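Novice: I'd like to go over a predicted model; first the sequence, then the structure.
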Amino acid sequence: MQLAHYLGLLHRAQVNLADAFRQVAEAHAEEPDIEHLCQQQAKRCDGYAEQLRPFAVRYSEDAPDEPDRLHSQLFTGTRTGGIGLLRDLQDLYLMAAECDITWTVVGQAAHGARDEDLLAVVRRCEGETAIQLKWLRTRMKAAAPQALVVAG
Amino acid sequence: MVDRIADPWGERTPYGPGQEWPVRVDRYLADGRTDADVDRWVQSASVLHSNGDALDIGVADGRIVGVRGRAVDRINRGRVDPKDLYGWQANHSPDRLTRPLVREGDRLVETDWDTAMGRIVARSKELLDGPGGWGHFGFYTSGQLFLEEYYTLAMIGKAGLGTPHMDGNTRLCTATAAAAMKASFGTDGQPGSYTDVDHCDAIALWGHNVAETQTVLWMRMLDRRRGPNPPAMLAVDPRATPVAREADLHLAVRNGTNIALMNGLLREIIRRGWYDHDYVDAHTLGFDELCRIVDAYPPQRVADICEVPAVDVERAAELLGTSQRLLSTVLQGFYQSNQATAAACAVNNLHLIRGMIGRPGAGIYQMNGQPTAQNNRETGADGDLPGLRNWDNERHVEELARLWNVNVDIIPHWAPPTHAMQIFRYAEQGSIKLLWISATNPAVSLPELRRIRQILARPELFVVVQDLFLTETAELADVVLPAATWGEKTGTFTSVDRTVHISDKAVDPPGEARPDLDIFLDYARRMDFRDRDGQPLIDWSGPEEVFEAWKECSRGRPCDYTGITYEKLRGGSGIQWPCTDEHPDGTERLYTDGHFHTEPDYCETYGHDLATGAEFTEPEYRAKEPNGRAFLKSVDYQPSPEVPDDGHPLLLTTGRTVYQFHTRTKTGRAPQLNQAAPDVWVELNPADAARFGIVEGDLVGVSSARGAIQARARLCGIRPGVVFLPFHYGYFDQDPADRTGRAANELTITAWDPVSKQPLFKVAAVAVAKLADGRGVPSPAPTVGGSAPPADADVPPTVGGPAAEATSEKE
């Protein structure tokens, strides 16, 4: 059963997203809402990763070797300024989107595995990941005209 | 004779449930004058707090000589707040601005209007020229102008320049009220009426020291409390305010934990079956999700988070849950604190699940802090669209475009209007290059003042300030425009309970000072804004014309003014909107049939996630099929962005005294008021004070990560671990060469609620240290109000003496 690999993929994606949220929070501390909400979302991502861990352990016992090119790198550090903030939020958006679709895939697998416990975790976390995406979209929409059209 | 400094609330006129509140006419005429010395009385209402008390201005020899309450008015029935009794004297202050000022190097020099306006218009045209020119303009206005002035400003910004960067200091005082009502009920607009005090059997005050912020509303509550069958009272406040002392139950929660308390109270009420099952089913959405969230807040957990006894949480739930006609009022203790919108929504939830809305006595006041804040929200000179329209609803924006005869694309609606803190951030980063500040004083009232002063002083930022005095903000301006004030101009404004009043011009403004409306109209003319047919966009010449135009803008919206005229407002009581042909006398309560403003085509917002502020889309909103049902929304408790640590072990909360308003621009210039509360103080719990070796009157340094101030200590009933500073005190009356930090906002944090964007003034971590011995001289804190010392303290009482003698006549 390959599910362990997708659980691992999702776990690492959540850990990476938590780390990226923290880096963006620190890099843009002069935007207090970004700083506060990114720190808050980082903690949430920690929580999702924590909830996944026991399933990853359980399913890894009968997993074959990890396939090639399972993981990808979406974040390579923060930027500065108005357009930099926009790009950093866009990176977070893509990372959260990766988590979002991976939750969907893991949820489908949980159905197939008849794993009610895993399904419960998926239901909880995928809803909150959708809110993360929504918040990032909201914030980027508000920031874009000033950053791209007005600022020199 | 009554000294309304010593006794701000005056004599009681007790009454029972369902009875009419008795009349009591208060008046104060200066210099021993009597009614016989008054040439004429001119109708007006209060602009020194948000209650909307109706009063007449007494005029003799072309000057204001005093005020009296209007017995005929539904709001105050003749009573007058002490700030209004004495505050008008500031109009005559010798340091009123009488000529425009322009910056020449490091000095502001007097000039004429043509020169001052010419500079503003030249800079405006230069900035507007080119793509994205709109984005260089920011407007930061007030909660103290008139409806007509806000509406004109909204049109200048939204249809003339096309900028979304408009907000008011209403962001600091009522943004959460508006956000919570939009979130729960679909649009802004207060459900209740002040007459709910006459009918209720329980009053809950959520972070609302009404005794000092709206004294006349408090008189009404006290009169019920002293009459037969008085209402029970619950107060939630970290301070021992007059409200807390009067209440049957006082929950002195730790600042920043309101949502945990509210979730716990809702849980108890639901589990003990004190909710209205039928009302919930018929008129609300989201009950199951609400139950899921609040279920995690049993009394003991609430007690641990909020640091109040668990048994008091249960008692509070019983008081709320067993009342038959519950009245709630909410203000800054919720609005300026952590998780503000969620906590204010939780009060709405309480009323919704108990079916306590839309009938006599069952009311909610999501209060305003300032007298005309409501109008700023209605007309859209702040972060709203005119007529409580939804910026995300293309049809609503098209309506405005038709009304104004402009292309829909000029009206910015790609995102919500920019909130105040973001406007200052854009100014800090340099993309906003012209900031026009009217009738407010951000150099004292915004958080983290060192940063605000730096922004205003940036050479690249062209700052226009329109005010009565050379405020701390005006000192940093490039152009200062002298404005006329209350009593010197005509206009209308609206109270918390939707009561519209007219305020007529009583006297001429001093020197060359002009009404704010005239200044905005002059700017519009000079900028030559045009509509789609090439005609002048704004061609009004006076306030009544603007009011008539505004009525069309309000037509069919919740704040429908179409049935109101200036004529109708003169002579009698104020009138509550909506006032239409069908309801020519106005509307006392909203949602009497349990039908809310949540239809997708009508609502003011498609909603937010309360934890992050993430916006929901129109399709998502429609899918919920609200169909006139109200939303029950809540979130889990999250600690504040800043919590105490070893270096800053105490929590700072800021607030108000009954004697001062805002940054003292007026009340600091009224002798009776200023002598009652002449200087800043810091409130400490005696146990905390003992820990730091501080006694009454000692000079104390209060510092946060952002700044430091000095204040004399008042030991009083504030809860342990929390210190309080009044936010009124800035620097205008200090020696410019020797300004010692005393503004509370030197210390506060730059942070805001994710939905309402209201700054968090109630949750800064601070350290205190004794700087000097008080040598037995008490602090300048009043002995009246939240700063009252313990009964055995040796502190002389606050009195006004002969200069404060006013009269009160009962019927």
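Specialist: Arrived safely.

Novice: what parts of the stretch 301-450 of chain B come near chain A?
Specialist: Contacts of the stretch 301-450 of chain B with chain A, taken as Cβ under 8 Å from any Cβ of the partner chain, map to B:414-416, B:418, B:421-422, B:425-426, B:429-431. (Each C-beta comes from the backbone N, C-alpha and C, glycine too.)

Novice: what subset of these is buried?
Specialist: Neighbour counting by 16 or more other Cβ atoms under 10 Å in any protein chain shown classes B:415-416, B:418, B:421-422, B:425-426, B:429, B:431 among these as buried.

Novice: so what's the residue count around residue 25?
Specialist: Unless you meant another one, I'm taking chain A. Residue neighbour count, defined by other Cβ atoms under 10 Å in any protein chain shown, stands at 20 for residue A:25.

Novice: try again with chain B
Specialist: If you count neighbours by other Cβ under 10 Å, residue B:25 ends up with 19.

Novice: ok, now the one 5 residues further on?
Specialist: Counted with other Cβ under 10 Å, residues neighbouring residue B:30 total 18.

Novice: please report how far it lies from residue B:283.
Specialist: Distance from residue B:30 to residue B:283, counting by Cβ to Cβ, to the nearest Å: 52 Å.

Novice: and the closest residue to chain A within chain B, what does it touch?
Specialist: Nearest residue of chain B to chain A, counting by Cβ to the nearest Cβ: residue B:135, 2.9 Å away. Residue B:135 makes contact with A:145-146, A:149-151, B:163, B:165, B:426, B:431-432 under the criterion Cβ atoms under 8 Å, 6 or more residues apart in numbering or on different chains.

Novice: likewise for residue B:374?
Specialist: Contacts for residue B:374 (Cβ under 8 Å, 6+ apart) come out as B:50, B:174, B:368, B:493-496, B:498.

Novice: same check, this time on residue B:664
Specialist: B:674, B:728-730, B:732.

Novice: if we use 10 Å, what do you get?
Specialist: Contact analysis of residue B:664 by Cβ atoms under 10 Å, 6 or more residues apart in numbering or on different chains lists B:90, B:441, B:444, B:471, B:670, B:673-674, B:677-678, B:726, B:728-730, B:732-733.

Novice: just the buried ones from those?
Specialist: Among the contacts of residue B:664, those buried by neighbour count (16+ other Cβ under 10 Å) are B:90, B:441, B:444, B:471, B:670, B:673-674, B:677-678, B:726, B:728-730, B:732.

Novice: now those as TSV including distance to residue B:208?
Specialist: Shown next, in TSV, are those (distance: Cβ to Cβ, whole Å):
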residue	distance to residue B:208
B:90	26
B:441	23
B:444	23
B:471	27
B:670	25
B:673	22
B:674	25
B:677	20
B:678	26
B:726	16
B:728	18
B:729	22
B:730	25
B:732	29
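
Novice: show only the entries of these found in strands.
Specialist: Counted as lying in strands by DSSP state E, out of the buried ones among the contacts of residue B:664, are residue B:726.

Novice: next, residue B:26: secondary structure please.
Specialist: strand (DSSP: H, G, I helix; E, B strand; the rest coil).

Novice: check contacts around the closest residue to it other than its chain neighbours.
Specialist: Closest residue in space to residue B:26, ignoring its immediate chain neighbours: residue B:80 at 4.0 Å, by Cβ to Cβ, 6 or more residues apart in numbering or on different chains. Residues near residue B:80 by Cβ under 10 Å, 6+ apart: B:4, B:10, B:24-28, B:46, B:53-56, B:67-70, B:86, B:215-216, B:806, B:808.

Novice: just curious, which of the contacts of residue B:664 is nearest to residue B:553?
Specialist: Nearest to residue B:553 out of the contacts of residue B:664 is residue B:441 (Cβ to Cβ; 29.1 Å).

Novice: what about the residue lying closest to residue B:514 once chain neighbours are set aside, how many neighbours?
Specialist: Spatial nearest neighbour of residue B:514, excluding adjacent residues (Cβ to Cβ, 6+ apart): residue B:484 at 5.9 Å. Residues lying near residue B:484 (other Cβ under 10 Å) number 22.

Novice: smallest gap between chain A and chain B, at which residue?
Specialist: residue A:150 (2.9 Å).

Novice: all helices of chain A, in order?
Specialist: A:3-27, A:32-60, A:81-112, A:116-145 (DSSP state H).

Novice: and chain A, which of its residues are near chain B?
Specialist: A:30-33, A:35-37, A:39-41, A:43-44, A:81-82, A:128, A:130-152 (Cβ under 10 Å from any Cβ of the partner chain).

Novice: where does the residue nearest to residue B:26 sit: helix, strand or coil?
Specialist: Assigned with three-state DSSP, residue B:80 falls in the coil class.
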